[in-house]
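Visitor: Just to be clear, the model below is a prediction. Sequence and coordinates:
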Amino acid sequence: MKLRRFEWEGAAETAAAIRAWASSEAQGVDVSQIEREVREEGDEAVLRLTARFDATERAPASLQVEPGAPEEALAQLDPGIREALEVAEANVRAVAEAQAAPGERTVDLPQGQAVTLREVPVAAAGIYAPGGRAAYPSSVLMCAVPARVAGVERLALASPPDSDGLVSPLVLAAAGLCGIEEVYAMGGAQAIFALAYGTETIAAVDVVAGPGNAWVREAKRSVCGAVGIDSLAGPSELMAVAGHDTDPSWAALDLCAQAEHGADGPLVAVAAEDAVLDGLADATERAAAERPGSGDSPLALVRVPDLSDAIDLANAFAPEHLELLSEEAALLAGGVRTAGCVFAGRHSATAFGDYVAGSNHVLPTGGAGRFSGPLGPGTFRRTVATVEVPAAAAATLAPYVETLAGAEGFPVHGESAMIRR
């Protein structure tokens, strides 16, 4: 772990200092060349870039995985892993169904007109499941289940191939569990551009969702507007707020667990007492030294005047994950406004949310929690408004239209309304 202590300078100033220190060169990556190649060359570019950037020694024989492969992988899956995936799928589905808005709402207005609002799913969604360091069947569930609950008919899954040019059987099994047959062996920024714009093999989608590294995040930023995106979900982050009753060894494992995702995302430990912060720092260094996959992440240490200041810091920093590990967790949680997901209480490790708690692990990073939240069915739905103006309502409303349209310099708008009086 690369530890650094930060002096308390106020919430906003301290949060900005931590972001500046922990930011990696990858956060400023340029994906424009990859975008040009994918848009101009289609499949050929995606195959070439996949062989170049993904964890493969040879390019896949084709981008699309055989449609029956997910069901076959699911059938061959270890029974224990399948049970865990099924528990996760059921819990994510239960939460997603609770999030789904009711169907149709009609508002009857005083002049006699009615506005009906109904939510409809997008036609097609692209799902990105990361690869490289590990396989992420959990990310397939986190994206596919809310999309299915939302009513999306076509799901296209992209995941980087392994060294043999194949998509992980675990990822395929999760796809089979969610009824996805359209799977593509591709990763990175090129996968996002291929899903967004389409190629000879891949039909373009309406929304792209899923977590990824800084390259994936920047590609999603680039295609936003051409398609919808869930959020700017990049390298994993965790802020842990510890109290005098916090077990430092538990908190240390939580921090090391998030470090397993890579060294690009910042980790932050916060406490109101020097002794608590020192104990947490020592425990985390020991835990990281014993776990090689956790050793390179930046860990910022901040002593705040009071735990209420820790919540101010969290709201300024907007961490992807926020753990409140003190006995005051339930009270403190009510003050959090910007974290992607809050884990309240000493037993509420982020790892539960990453897999089986039912909450979604596709969360905004890099401070994007200030304006976006967890992936859910709403990511894959849009509202359609239908306006019905009966004759009497038209007669009442037309003069108002004429007045406002004239004031804006659009007289024909006024005529269009007034002819209906």
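Guide: The structure has been received and is ready for your questions.
Visitor: for the stretch 251-400 of the chain, what are the low-confidence residue spans?
Guide: Residue ranges of the stretch 251-400 of the chain with pLDDT under 70: 295.
Visitor: swap the cut-off to 50 and go again
Guide: Along the stretch 251-400 of the chain, segments meeting pLDDT under 50 are nowhere present.
Visitor: mind giving me the domain split of this structure?
Guide: The domain map for the chain lists 2-24+235-357, 28-233, 389-418, with the assignment taken from automatic domain parsing.
Visitor: Distance across the first one, terminal residue to terminal residue?
Guide: It refers to domain 2-24+235-357. 30 Å (CA to CA, to the nearest Å).
Visitor: Can you add mean neighbour count and distance to residue 381 and give the domains of the chain back as TSV?
Guide: (C-beta placed from N, C-alpha, C; glycine too.) Output for the domains of the chain, formatted as TSV (neighbours: other CB atoms under 10 Å; distance: least, CB to CB, whole Å):
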stretch	mean neighbour count	distance to residue 381
domain 2-24+235-357	20	20
domain 28-233	20	5
domain 389-418	14	26
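Visitor: and of the ones you listed, who's closest to residue 376?
Guide: domain 28-233 (4.6 Å; CB to CB).
Visitor: Quick check: phi and psi on residue 285?
Guide: phi -60, psi -40 (degrees, to the nearest 10).
Visitor: I'd like to know how far it sits from residue 33.
Guide: 40 Å (CB to CB, to the nearest Å).
Visitor: likewise residue 16?
Guide: Distance from residue 16 to residue 33, by CB to CB: 31 Å.
Visitor: And for residue 185?
Guide: 22 Å.
Visitor: now residue 78
Guide: 41 Å.
Visitor: Check residue 261 too.
Guide: Taken as CB to CB, the span from residue 261 to residue 33 is 26 Å.
Visitor: those helices in the stretch 1-150 of the chain, which residues are they?
Guide: Applying DSSP state H, counting those that start in this stretch to the stretch 1-150 of the chain gives helices spanning 11-22, 32-41, 43-53, 69-75, 79-99, 137-150.
Visitor: Which among those is found nearest to residue 289?
Guide: helix 11-22 (20.3 Å).
Visitor: Go ahead and flag the most central residue of this protein.
Guide: residue 362 (3.1 Å; CA atoms, centre = their mean).
Visitor: what residues are up against that residue?
Guide: By CB atoms under 8 Å, 6 or more residues apart in numbering, residue 362 lies in contact with 139, 142, 143, 209, 210, 211, 230, 231, 233, 374, 375.
Visitor: about what we covered before: save the helices of the stretch 1-150 of the chain as TSV, and put in distance to residue 418 and mean pLDDT too.
Guide: Compiled in TSV, the helices of the stretch 1-150 of the chain are given as follows (distance: least, CB to CB, whole Å; pLDDT from 0 to 100):
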stretch	distance to residue 418	mean pLDDT
helix 11-22	53	93
helix 32-41	47	94
helix 43-53	55	89
helix 69-75	59	95
helix 79-99	44	92
helix 137-150	41	96
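Visitor: Name the nearest residue to residue 350, sequence neighbours excluded.
Guide: residue 321 (4.6 Å; CB to CB, 6 or more residues apart in numbering).
Visitor: tell me the contacts of the one you found?
Guide: So residue 321 contacts 236, 237, 238, 239, 258, 339, 340, 341, 343, 350, 353, 363 (CB under 8 Å, 6+ apart).
Visitor: Name the nearest of the residues you listed relative to residue 197.
Guide: The nearest one, if we look at the contacts of residue 321 relative to residue 197 and count by CB to CB, is residue 363, at 25.9 Å.
Visitor: Next, work out how far apart that closest one and residue 142 are.
Guide: 10 Å.
Visitor: repeat for residue 327
Guide: For residue 327 relative to residue 142 (CB to CB), the value is 31 Å.
Visitor: Repeat that for residue 2.
Guide: 29 Å.
Visitor: looking at the sheet around the residue nearest to residue 109 when sequence neighbours are not counted, what are its partners?
Guide: Leaving aside its sequence neighbours, residue 109 sits nearest to residue 115 (CB to CB, 6+ apart; 6.9 Å). Note on residue 115: beta-bridge partners by DSSP bridges are residue 107, residue 387.
Visitor: hang on, the earlier thing: for the residue nearest to the residue nearest to the centre of the chain when sequence neighbours are not counted, what are its contacts?
Guide: Using CB to CB, 6+ apart and skipping residues adjacent in sequence, the residue nearest residue 362 is residue 375, 3.9 Å away. Shown in contact with residue 375 (CB under 8 Å, 6+ apart): 142, 143, 146, 209, 230, 231, 233, 360, 362, 363.
Visitor: my guess is residue 375 is in a strand, correct?
Guide: No: counting by DSSP: H, G, I helix; E, B strand; the rest coil, residue 375 falls outside a strand, being coil.
Visitor: distance of it from residue 311?
Guide: Applying CB to CB, the value for residue 375 to residue 311 is 24 Å.
Visitor: and what of residue 285?
Guide: 26 Å.
Visitor: where does residue 59 land on pLDDT?
Guide: If you check residue 59, the pLDDT there is 67.
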